[in-house]
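S.K.: with the input below, show me the fold.
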Amino acid sequence: MRAFVLLLLTLIVSCNPIEKTPLEVVLSSNNEKIKTVMDSVEKYEVQILFTEIHHDIDNSVSFKDYSFQVDDSTYFYPASSVKLPIALLALEKMNEQEIVNRNSKFYIEGDSIESTFAKEVEKLFAVSDNEAYNKLFEYLGQDDINNRLNIKGITSRISHRLSTENSDELTTKPLVFYVNDSTTTTSTEIINSPIESLKLNDISKGIGYMEGDQLISESKDFSRKNYLPITSLHNLMKQLIFGDLYPKNKQFQLSKEDRSFILKSMSLLPSEAGYTTDDYYDGYVKFLIYGDTKESIPDYIEIRNKVGYAYGYLTDCAYIINKKTNKEYIITATIHVNKNGIYNDDTYEYDEIGIPFLAELGRQLVLK
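M.R.: Numbering: from 1, shown residues only. From the prediction side, this is the model:
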């Protein structure tokens, strides 16, 4: 009798296997772009959050979330993905200051180049312009950035500008705004709190790094660098796109016009922002689905996103609509490709491994 029961249970289990999640199905793919990474996944520090967005009959929204190796206590370098919150917070701060708006002309004191916040935000998304980020950083300052994100429940630590000398300087440069064609007003410089070292797992990385032409044969310390983990990026996108689902203090306080502007900017292709050379193809800063091809992005796919790439880290946080299937998704993923363990030597496997993995991941999650 016992043998019969065991046989019956075996048959029941074999007839009702545990169904794999959509993310598990994709990550077990035999596609070489996925398999190359997954066969040695411990080398690549892969973290993924995937959300299916459902609209019910009453138009209420719900999320179905899936994750792979997400660990906010283990450090990865967010690179330019930090530009997303900085753009949102700059617009939020402007809404609090009636004297300026996104079309106000300004320049950094000591620099004669005039611009507007709208132009800088568009450059920040269309081609991930570092100078645009740095200008918005001067406007906000580290303390204001971190306080605003903390209030919204976003775990992070933004400490420095990008690709510039003295990137973690604590005193911001004043901005000079045009109130009208002939009158200007200057913002006060902001003195920010000292930067504290992060205490996270894997905060020192690799076997060496370059300083100029010299190789320093020791791990690179990331403890004073920016920190924006996968969970924070993913939740930030949810709070932007579906703000009405969150309490008011968790929402980004944007005017209706500024919110429309930021969403449009996030979907901008380089050509739409005036970058028309062959280097700036549609997938230039849209790694998921299109990062490994120079083909045009079709009209039935909408992508609002922000990527980051530096020190061998590639990250993309994207809200994607597939109009053919009438489905919506949020995907946030990061991968580290630095085979030789040396930083600042410009020898990273971005095109060979990292971007193809993210592109195929996006295709299999969204297009199939």
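S.K.: what about stretch 204-221, start to end distance?
M.R.: From its first residue to its last, stretch 204-221 covers 5 Å (CA to CA, to the nearest Å).
S.K.: mean confidence for it?
M.R.: Stretch 204-221 shows a mean pLDDT of 97.
S.K.: let me know the pLDDT of A3.
M.R.: 43.
S.K.: repeat for N180
M.R.: 85.
S.K.: ditto for Y309
M.R.: 97.
S.K.: check contacts around the closest residue to it other than its chain neighbours.
M.R.: Leaving aside its sequence neighbours, Y309 sits nearest to A79 (CB to CB, 6 or more residues apart in numbering; 5.5 Å). Quick note: C-beta positions are derived from backbone N, CA and C, even for glycine. A79 sits next to 162, 308-311, 313, 315 when contact means CB atoms under 8 Å, 6 or more residues apart in numbering.
S.K.: ok, of the residues you listed, which come out buried?
M.R.: Buried members of the contacts of A79, counted by 16 or more other CB atoms under 10 Å: 162, 308-311, 313, 315.
S.K.: identify, from those residues, the entry nearest to K225.
M.R.: Y311 (8.8 Å; CB to CB).
S.K.: give me the three-state assignment for the closest residue in space to that closest one that isn't next to it in sequence.
M.R.: Using CB to CB, 6+ apart and skipping the chain neighbours, the partner closest in space to Y311 is Y77 (4.9 Å). Classification of Y77 using DSSP: H, G, I helix; E, B strand; the rest coil returns coil.
S.K.: just to revisit the earlier point, as CSV, the contacts of A79 with secondary structure would be great.
M.R.: Formatted as CSV, the contacts of A79 follow (three-state DSSP):
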residue, secondary structure
L162, coil
G308, strand
Y309, strand
A310, strand
Y311, coil
Y313, strand
T315, strand
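S.K.: including distance to N326, could those go into JSON lines?
M.R.: Shown next, in JSON lines, are the contacts of A79 (distance: CB to CB, whole Å):
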{"residue": "L162", "distance to N326": "38"}
{"residue": "G308", "distance to N326": "30"}
{"residue": "Y309", "distance to N326": "31"}
{"residue": "A310", "distance to N326": "36"}
{"residue": "Y311", "distance to N326": "38"}
{"residue": "Y313", "distance to N326": "33"}
{"residue": "T315", "distance to N326": "28"}
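S.K.: just the closest of those residues to S115, please.
M.R.: Nearest to S115 among the contacts of A79 is L162, at 16.9 Å by CB to CB.
S.K.: count of neighbours near the closest residue in space to the closest one that isn't next to it in sequence?
M.R.: What sits nearest to L162 in space, not counting adjacent residues and going by CB to CB, 6+ apart, is N130, at 4.4 Å. Look at N130: counted by other CB atoms under 10 Å, it has 17 neighbours.
S.K.: check contacts around N130.
M.R.: 80, 161-164.
S.K.: that one and D111, how far apart?
M.R.: Distance, N130 to D111, by CB to CB, to the nearest Å: 15 Å.
S.K.: circling back: give me the neighbour count for the residue nearest to Y311.
M.R.: By other CB under 10 Å, neighbour count at Y77 equals 23.
S.K.: repeat for G362
M.R.: Counted with other CB under 10 Å, G362 comes out at 27.
S.K.: go ahead and list the helix or strand containing it.
M.R.: Assignment of secondary structure by DSSP states H and E places G362 within helix 355-366.
S.K.: ok, D111 next?
M.R.: Per DSSP H and E, there is no helix or strand for D111.
S.K.: look at it and report its pLDDT.
M.R.: We note a pLDDT of 92 for D111 in this prediction.
S.K.: repeat that for L236.
M.R.: L236 carries a pLDDT value of 98.
S.K.: next one: Y139 relative to A132, how far apart?
M.R.: Y139 is 11 Å from A132, by CB to CB.
S.K.: what about D143, which helix or strand?
M.R.: D143 belongs to helix 142-151 when assigned by DSSP H and E.
S.K.: distance across stretch 219-233, terminal residue to terminal residue?
M.R.: Length of stretch 219-233, first residue to last, CA to CA: 26 Å.
S.K.: report the buried residues of it.
M.R.: Buried residues in stretch 219-233 (16+ other CB under 10 Å): 219-220, 222, 224-233.
S.K.: out of those, which one sits closest to S29?
M.R.: Of all the buried residues of stretch 219-233, S29 sits closest to I230, with 20.9 Å by CB to CB.
S.K.: once you drop chain neighbours, what's closest to the closest one?
M.R.: Q47 (4.7 Å).
S.K.: what's opposite that neighbour in the beta bridge?
M.R.: Beta-bridge partners for Q47, by DSSP bridges, are T334.
S.K.: pretty sure it is touching F76, no?
M.R.: Yes. The pair Q47 / F76 is scored as a contact, 7.0 Å apart, by CB atoms under 8 Å.
S.K.: list residues touching both of these two?
M.R.: Joint contacts of Q47 and F76 (CB under 8 Å, 6+ apart) are 230, 334.
S.K.: show me the shaky parts of the protein.
M.R.: Regions of the chain meeting the criterion pLDDT under 70 cover residues 1-17.
S.K.: what are the ranges of the helices in it?
M.R.: Applying DSSP state H to the chain gives helices spanning 2-15, 22-27, 32-38, 83-96, 117-126, 130-140, 142-151, 230-241, 256-267, 287-290, 355-366.
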